[in-house]
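Novice: Structure for this input, please:
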Amino acid sequence: MPADESCGVTKVVDNIARLSPDLLAEACQHILTYLQGQIKGVDSGEISQRFQRAGVGLAHEALQSIIRFLLLTFRSAGKSKLSADELVLRLEEGSSKWPKASLQVVHRLWSEQGALVQTQQEAHAMLSIGQLVDIQWKLGMAVSSDTCRSLNSPYVTLLLKIAEPSGQICQKSFEMTIPQFQNFHKQVKEMAAVMETV
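Specialist: Numbering: from 1, shown residues only. Predicted coordinates:
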């Protein structure tokens with residue numbers, strides 16, 4: 001682990017050490033509930049208010065770092081299908097400053113809910129599809145082909161730019177005959193009409 005990354009983990013763990021086991025459990029529970037798909041997001045304002053009511057004053061950036069760290073930790077553990085023991089071992093390897101009580105909270109919650117997070121992560125991975133960013137088309141004329149019977153027949157080339165779930169943008173291109181393109185156009189119009197009714 002690079003020194004600056006190690007230093008960042010140490011700061012986060014130092015801030016987590018300021019939380020009582022109950023307060024850490026509440027924050028972890030909020031994040032686990034999100035990772036199980038039961039809520040739409042992690043409400044850092046709600047977590048911040050809870051910390052303040054408990055007398056723990058954390059700077060905004062420190063709170064955000066804790067939330068990001070816990071999200072990444074639980075999401076990674078879900079994708080890697082870690083057991084509670086394996087998760088705690090990884091946390092201890094990342095920083096020797098973990099309070100025993102904090103590790104016990106993480107162990108208990110992951111033992112109870114880790115399987116649900118793993119299931120949600122698997123479903124999310126299967127359902128992740130790219131998002132269409134751009135579509136371009138051009139009309140061409142076939143002048144030579146292995147498969148086309150009649151040359152000088154028009155065709156349409158489509159170039160799609162798709163943002164993958166990983167964040168990378170890839171390009172896909174394909175060619176269609178004019179009748180295929182007309183059918184494609186008809187289907188897109190039907191989809192647009194249906195989407196307007198939703």
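
Novice: all helices in this protein, in order from the N-terminus.
Specialist: For the chain, the helices defined by DSSP state H cover 3-17, 21-35, 44-53, 60-80, 84-94, 100-127, 178-197.

Novice: List the buried residues in the last one.
Specialist: The reference is to helix 178-197. Residues F181 are the ones in helix 178-197 that count as buried (16 or more other C-beta atoms under 10 Å). Where you see a C-beta, it was placed from the backbone N, CA and C, and this is true even at glycine.

Novice: can you check the fifth one too?
Specialist: Within helix 84-94, the residues that count as buried by 16+ other C-beta under 10 Å are 84, 87-88, 91, 94.

Novice: Where does pLDDT dip in this structure?
Specialist: Along the chain, the parts satisfying pLDDT under 70 run over 1-7, 125-128, 144-151, 165-167, 198.

Novice: Could you list the domains of it?
Specialist: The chain breaks down into these domains under automatic domain parsing: 3-127, 131-197.

Novice: thinking again about what came up before, redo the buried residues of helix 84-94 as JSON lines? Include distance to G8.
Specialist: Shown next, in JSON lines, are the buried residues of helix 84-94 (distance: C-beta to C-beta, whole Å):
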{"residue": "A84", "distance to G8": "24"}
{"residue": "L87", "distance to G8": "19"}
{"residue": "V88", "distance to G8": "20"}
{"residue": "L91", "distance to G8": "14"}
{"residue": "G94", "distance to G8": "10"}
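
Novice: and the closest residue to E164 other than its chain neighbours, what does it touch?
Specialist: Of all residues beyond its chain neighbours, the one nearest E164 is G130 (4.9 Å), with distances taken as C-beta to C-beta, 6 or more residues apart in numbering. Shown in contact with G130 (C-beta atoms under 8 Å, 6 or more residues apart in numbering): 162-165, 170.

Novice: Generate a ChimeraX selection restricted to the buried entries among these.
Specialist: Remark: buried members of the contacts of G130, expressed as a ChimeraX selection using 16+ other C-beta under 10 Å:
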select :162
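
Novice: Go ahead and confirm P154 touches E175.
Specialist: No - contact criterion C-beta atoms under 8 Å: P154 and E175 do not qualify, at 10.7 Å.
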